[in-house]
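1. pasting the sequence and the predicted model now:
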Amino acid sequence: MTKPMAALVGQTAPAGPTDAQIAEAHRRLLADSSIQFELKTADPPQPPPDWLVELLRLLETAWPVIRVLIWAALAALVLWLLYHLVLRLKDGEWRWRRKGDAAAAESWRPAEAPARQLLADADVLAAAGRFSEAARLLLHRSVEDIQARQPDLLRPALTSRDIAALPAIPPQPRGAFARIAALVERGLFARIDLGEGEWRDCRAAYEEFAFAGGWRG
């Protein structure tokens, strides 16, 4: 059962802390280092150095020119890449054609044993100083070799110079034959016998025409 109202009214309220107690509590609070009463503000940002400001100003002023140079450099790089790509493609095509030419030239090569016998016979003439006869022997036998491989290619009216210009003959053997024909015809038309140096040139040309490796680069 609750106490009568009169009894409650008659009781006094508990006394609060004194001023001295409040002052002591405040002192202790201020003395506590774990509590931060002031907010520390960040240091104001430092201005950039003068050299950086000057550099940025120069870049801003020169940016239109720099932009043009950048685009020009990119364009040059693209052109350089395209150039080397085209070179590689052409090099591959050239190698493919070269292999095809070498295969075609191989079919024109005379048998090795008769070719070496021919050179031996020509060397006998050359050893006797008959260089023009030795060169003509190589030329005539070369014509016979061409006739044996392409019976319908040569006609009686064709000269050795005409034969050397026939496109049906692959470039490598045609070039070797043309060297022999030019030296022989020059000696005939000028009525001057060939010398040893000219004979050696004819002999080297026939070796290119007849023997393996003579026209392989």
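-> Cool, got the structure.
2. what separates the spatially most central residue of the chain from Ala76, distance-wise?
-> Per C-alpha atoms, centre = their mean, the C-alpha nearest to the average position across the chain is that of His84, at 5.2 Å. Between His84 and Ala76 the computed distance is 13 Å (C-beta to C-beta, to the nearest Å). Glycine gets a C-beta too; all of them are placed from N, C-alpha and C.
3. hmm, back to that, so the residue nearest to the centre of the chain, which of the three states?
-> helix (DSSP: H, G, I helix; E, B strand; the rest coil).
4. do the same with Pro44
-> Taken by three-state DSSP, the conformation at Pro44 corresponds to coil.
5. that one: neighbour count?
-> 6 (other C-beta atoms under 10 Å).
6. that one and Glu208, how far apart?
-> For Pro44, the distance to Glu208 (C-beta to C-beta) stands at 88 Å.
7. tell me the confidence at the residue nearest to the centre of the chain?
-> Predicted confidence (pLDDT) for His84: 79.
8. got a list of what it touches?
-> Contacts here follow C-beta atoms under 8 Å, 6 or more residues apart in numbering; on that basis His84 touches nothing.
9. all helices for the chain, in order.
-> Using DSSP state H, the helices of the chain run over residues 5-10, 19-31, 50-106, 112-127, 131-149, 160-164, 171-190, 196-210.
10. CA atoms of the fourth one as CSV?
-> The C-alpha atoms that make up helix 112-127 are tabulated as CSV, following Å, rounded to 0.1, in the frame of the first residue of the first chain:
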residue,chain,number,x,y,z
GLU,A,112,76.2,-32.8,-115.8
ALA,A,113,78.4,-35.4,-117.4
PRO,A,114,78.1,-34.1,-121.0
ALA,A,115,78.4,-30.6,-119.8
ARG,A,116,81.7,-31.4,-118.0
GLN,A,117,83.0,-33.2,-121.1
LEU,A,118,82.1,-30.1,-123.2
LEU,A,119,84.1,-27.9,-120.8
ALA,A,120,87.0,-30.3,-121.0
ASP,A,121,87.0,-30.1,-124.8
ALA,A,122,86.7,-26.3,-124.8
ASP,A,123,89.6,-26.1,-122.3
VAL,A,124,91.8,-28.1,-124.7
LEU,A,125,91.1,-25.5,-127.4
ALA,A,126,91.7,-22.6,-124.9
ALA,A,127,95.0,-24.2,-123.8
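11. could I get the buried residue list for it?
-> Ala115, Leu118, Leu119, Ala122, Leu125, Ala126 (16 or more other C-beta atoms under 10 Å).
12. and the closest residue to the fourth one other than its chain neighbours, how many neighbours?
-> Looking back up the chat, that one is Ala122. With sequence-adjacent residues excluded and distances taken as C-beta to C-beta, 6 or more residues apart in numbering, Ala122 is closest to Ala134, at 4.2 Å. Ala134 has 23 neighbours, counted by other C-beta under 10 Å.
13. and Ala134, what does it touch?
-> Going by C-beta under 8 Å, 6+ apart, Ala134 touches Ala122, Asp123, Leu125, Ala126, Trp199, Cys202, Arg203.
14. just those now: which is nearest Ile22?
-> Among those, Arg203 lies closest to Ile22 (C-beta to C-beta), at 129.2 Å.
15. check contacts around the closest one.
-> By C-beta under 8 Å, 6+ apart, the residues touching Arg203 are Leu119, Ala122, Asp123, Ala126, Ala134, Leu138.
16. I'd like the distance between it and Glu112.
-> From Arg203 across to Glu112, the span is 16 Å (C-beta to C-beta).
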